[in-house]
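Asks: give me a model of this one.
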Amino acid sequence: MPETTSCMNRRYWARRLVDKARGAAIPSYGSTEWLLLPDGDARKIGAVVVAAESWAQAGDDIELDLRRELVNRWHAEKHAEDADYVARMEAHRAAYPPRRLGSSFVERRAQQLADTAARPGDHAGGPVTVEWSGGDSA
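Replies: Sure, this is the predicted structure:
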């Protein structure tokens, strides 16, 4: 996220005020140590600037932080949805196991070919020379 000129100017200004307290520990804003410092002390001013800059940077990054939060929430919801789908799919598979036809394609095809082979008493093909003598007509 590119920084704006005003944001860079603010950070430069804050850095200069914090640098004035260089060499001494800057207490946390609002702490007992901070309250005991005189009002004009560079460390007291530095603590206020550090707190304000932390707040300002959080505001600078709020759009990015919200986008990350939304993406993370979407990923979590998608993960939960996928886990639910997998659980339902496994329950379905357990309730309805796959049925096997009993034999493989090769075995079924071999049986089909065996069933079409000539049997004793079958007509060998060609014209029928015997006159039909009645019965049910086709």
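Asks: against Asp115, how distant is Ala124?
Replies: 18 Å (Cβ to Cβ, to the nearest Å). Every C-beta, even on glycine, is put in place using the N, C-alpha and C of the backbone.
Asks: between these two, who's got more neighbours?
Replies: The neighbour comparison of Ala124 against Asp115 (other Cβ atoms under 10 Å) goes to Asp115, with 8 against 5.
Asks: and after the longest helix that the chain contains, which helix or strand comes next?
Replies: For the chain, the helix with the greatest residue count under DSSP state H is helix 62-95. Of the helices and strands lying after helix 62-95 in sequence (DSSP states H and E), the nearest is helix 105-115.
Asks: read off the pLDDT value for Asp60.
Replies: You'll see Asp60 listed with a pLDDT of 80.
Asks: no wait, Arg93
Replies: 88.
Asks: tell me how many other residues crowd it.
Replies: Counted with other Cβ under 10 Å, Arg93 comes out at 10.
Asks: for Val48, same thing?
Replies: Neighbour number of Val48 under other Cβ under 10 Å is 16.
Asks: do the one 5 residues further on as well
Replies: For Glu53, the neighbour count with other Cβ under 10 Å is 18.
Asks: what helix or strand does the closest residue to it other than its chain neighbours sit in?
Replies: In space, and not counting its chain neighbours, Glu53 is closest to Ala14: 4.5 Å by Cβ to Cβ, 6 or more residues apart in numbering. Taking DSSP H and E as the definition, Ala14 sits inside helix 5-19.
Asks: which outside residues touch that helix?
Replies: With Cβ atoms under 8 Å, 6 or more residues apart in numbering as the contact definition, helix 5-19 has outside contacts at 3, 26, 42, 45-46, 49-50, 52-53, 56, 60.
Asks: contacting residues around whatever helix or strand comes next after it?
Replies: With elements assigned by DSSP H and E, the helix or strand that comes after helix 5-19 is helix 32-36. By Cβ under 8 Å, 6+ apart, the surrounding residues in contact with helix 32-36 are 27-28, 44, 47.
Asks: just how off-centre is helix 32-36 within its chain?
Replies: Taking the mean of its C-alpha atoms, helix 32-36 sits 49 Å from the chain's own mean (Cα atoms, centre = their mean, to the nearest Å).
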